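Visitor: Starting from these lines, generate the structure:
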Amino acid sequence: DVRAAELARITGADEPNSISDFERLVLISPNDSYVWIRYMAFQLSLKEVDEARKVAERALEVINYREQDEKHNVWVAYLNLEFDYGNQPEEAAMKLFKRGLPYNDEKKFYSALLSILKEKEKDDMAQQVLSTMCKKFRDSPDVWLSSIEYHLSQGREKIASNVMNRGLKSLEDREHVGTISQTALMHYKYKYYEQARHMFESILKSYPKRTDLWSVYIDQEVKLGEQARIRNLFERIIHMEMPAKKMKFIFKKYLDYEMVNGNHESTETVKQKAMAYVQSRINVN
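Guide: Reported below is the predicted structural model:
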């Protein structure tokens, strides 16, 4: 049908290449943010920045208020436009952001702004936005984690650690283990290995039977490949008091590791230790 044919022009070989093409498309799919954003990009390709703004404004007016995700997409595209083409881009973009804030999910819109700032390497603004987000959404672990990761990515490990400590004071106790373990993983990612190990050791001291945490900790060390350190972790666990089901999981992980990274002798040693553990459980029972 006509509608399908026109929509196919967006992604098919026959791309829309005129204002009249796009006008037909927005008439057919008025709630489709992708069409409106493509229309904006088309106007920008013609160096018609003001016309692109007009398209954005029309989109925000036309898209049904129930289609919040579609409106959000247009707001984000509009922000990008102002950062790239605005007169005094940073001021223009932030003015638009403040205007759009009441019409968007606040946390989602702040996160979109942060992504733009990261992409455009606007460090000072990104730090300001993160500071604001941590105050406005202080009970949200992912906001604190975003701030921690951003500072780590910029080589500011001490600031990242301070952010984590502030976050733990704001978050509910039930969020602490997850927040610390995720922060530790970020430290591994950005090669702050000793700090990462210290974090895992601290939470495992409080929760020694959390095999999920041991497993994640070991996986990170396996990636680094220090066999003595990895085997030491496994040995520590198998000598702990732990439910049989959890110990079975650890022995399987240990054996899998040796089969890939060890030799026949080391693999057999782990098998013997597993058998000894099973026998000890039988004797107890």
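Visitor: Find me the pLDDT at the most centrally placed residue in the chain, would you?
Guide: In the chain, the centroid-proximal residue (C-alpha atoms, centre = their mean) is Ser146; its distance is 7.4 Å. Predicted confidence (pLDDT) at Ser146: the value is 98.
Visitor: Repeat that for Glu6.
Guide: pLDDT at Glu6 comes out at 55.
Visitor: and Pro243, backbone torsions?
Guide: Main-chain dihedrals, Pro243, degrees, to the nearest 10: phi -50, psi 150.
Visitor: do the same with Gly262
Guide: Dihedral angles of Gly262 (phi, psi; degrees, to the nearest 10) stand at phi -100, psi -150.
Visitor: Tell me how many other residues surround it.
Guide: 17 (other C-beta atoms under 10 Å). Where C-beta positions appear, they are placed from N, C-alpha and C, glycine not excepted.
Visitor: Against Phe234, how distant is it?
Guide: Relative to Phe234, Gly262 is positioned 11 Å away (C-beta to C-beta, to the nearest Å).
Visitor: what's near enough to touch Leu204?
Guide: Leu204 is in contact with Arg210, Leu213, Trp214, Tyr217, counting by C-beta atoms under 8 Å, 6 or more residues apart in numbering.
Visitor: Relative to Phe251, which of these is nearest.
Guide: Taking C-beta to C-beta as the measure, Phe251 sits nearest to Trp214 out of the contacts of Leu204, at 12.3 Å.
Visitor: Just the pLDDT for that closest one.
Guide: pLDDT at Trp214 comes out at 98.
Visitor: excluding its backbone neighbours, what's nearest it?
Guide: Ile237 (5.6 Å; C-beta to C-beta, 6 or more residues apart in numbering).
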